[in-house]
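[1] need a structure here:
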Amino acid sequence: MVLDILRKVAKSVLEDAFFTIMVDETTDVSNREQVVLVLRHVDSELNVQEDFIGLYVVPSIDAQTIANVIKDTILRLRRQLSKCRGQCYGGASNMSGAKRGVAANITTEEPRAIYTHCYGHALNLDVGDTIRGSKVLRDTLDAVREISKLVKFSPKRDRRFEELRKEMRPDTPAFRVLCPTRWTVRAECLKSVLDNYSVLQKLWDTTYETTKDTETRARILGVKRQMASFDFLYGVTLRYKL
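    This next block holds a predicted model:
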């Protein structure tokens, strides 16, 4: 089934003259580094097609490793880099570096493959810069990020949170971690904070006394005080609606 789908994708890419490479790297929940590869091309009716080619586990996300994944995949699809006219990656140095980045590596073989900084990443940077200009929103996101760390980076607190949620708010979704690089999914985290507001406050009360580490106790006390402030509740509500 998987091979059939890949053959169909390969056929559609072969039928069109040129294509653009779109790549992003990520780390999954088991801490393995992976590379996502998508090919963008225009069909005979001028419809833009974006075909997901694969998700590859790699030993490293250095420029040479990612460039090799791209080249090997293109060859398996029976295409040549000479047909590549564009590259779209994030702005990290391993991807966009002028001398040793993936874009430079591909451009060395095909100079017409123009590199474009991913608009999604660029928009995320712009939104981040805008939010940092507002003290209320900046402090709110910092607090939510700290809440995410306190809940999800501690199996004990995460388990206790689930127990309290099932007891106090069984119909609400679980807590969602704040994603640092994807602005489009941050609303889900902020909504989970609003939905589980009373559960989180109860969590701080029940875990503060049982926590022995002084630094962690101070962090719990800090987010508890922030959540009790008007600015925090206003900031979460405003940021979620935005």
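[2] For this protein, give the helix that spans the most residues.
    helix 135-152 (DSSP state H).
[3] Would you check that residue 107 makes contact with residue 99?
    No - between residue 107 and residue 99 there is no contact under Cβ atoms under 8 Å: 10.9 Å. Glycine gets a C-beta too; all of them are placed from N, C-alpha and C.
[4] that older thread, what comes up buried for the longest helix of the chain?
    Buried residues in helix 135-152, defined by neighbour count with 16 or more other Cβ atoms under 10 Å: 137, 140-141, 143-144, 146-148, 150-151.
[5] ok, now how distant is the most far-flung residue of the chain relative to its centre from residue 220?
    Here the chain reaches farthest from its C-alpha mean at residue 209, the gap being 34.5 Å by Cα atoms, centre = their mean. As judged by Cβ to Cβ, to the nearest Å, residue 209 and residue 220 stand 10 Å apart.
[6] residue ranges with poor pLDDT in this structure?
    1-3, 6, 29-30, 180-185, 239-242 (pLDDT under 70).
[7] Do you have the strands of it handy? List them.
    For the chain, applying DSSP state E gives strands covering 19-27, 33-42, 48-57, 84-89, 114-117.
[8] Any chance of these in TSV with mean neighbour count as columns?
    Shown next, in TSV, are those (neighbours: other Cβ atoms under 10 Å):
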stretch	mean neighbour count
strand 19-27	19
strand 33-42	18
strand 48-57	14
strand 84-89	20
strand 114-117	15
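[9] Please convert these to JSON lines, extending it with distance to residue 202.
    Converted to JSON lines, these look like this (distance: least, Cβ to Cβ, whole Å):
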{"stretch": "strand 19-27", "distance to residue 202": "32"}
{"stretch": "strand 33-42", "distance to residue 202": "37"}
{"stretch": "strand 48-57", "distance to residue 202": "39"}
{"stretch": "strand 84-89", "distance to residue 202": "44"}
{"stretch": "strand 114-117", "distance to residue 202": "44"}
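[10] returning to that earlier point: shared neighbours, residue 209 and residue 220?
    By Cβ atoms under 8 Å, 6 or more residues apart in numbering, residue 209 and residue 220 have no common neighbours.
[11] ok so, going back, just so I know, which of the strands of the chain lies nearest residue 236?
    Nearest to residue 236 among the strands of the chain is strand 19-27; the distance by Cβ to Cβ comes to 26.3 Å.
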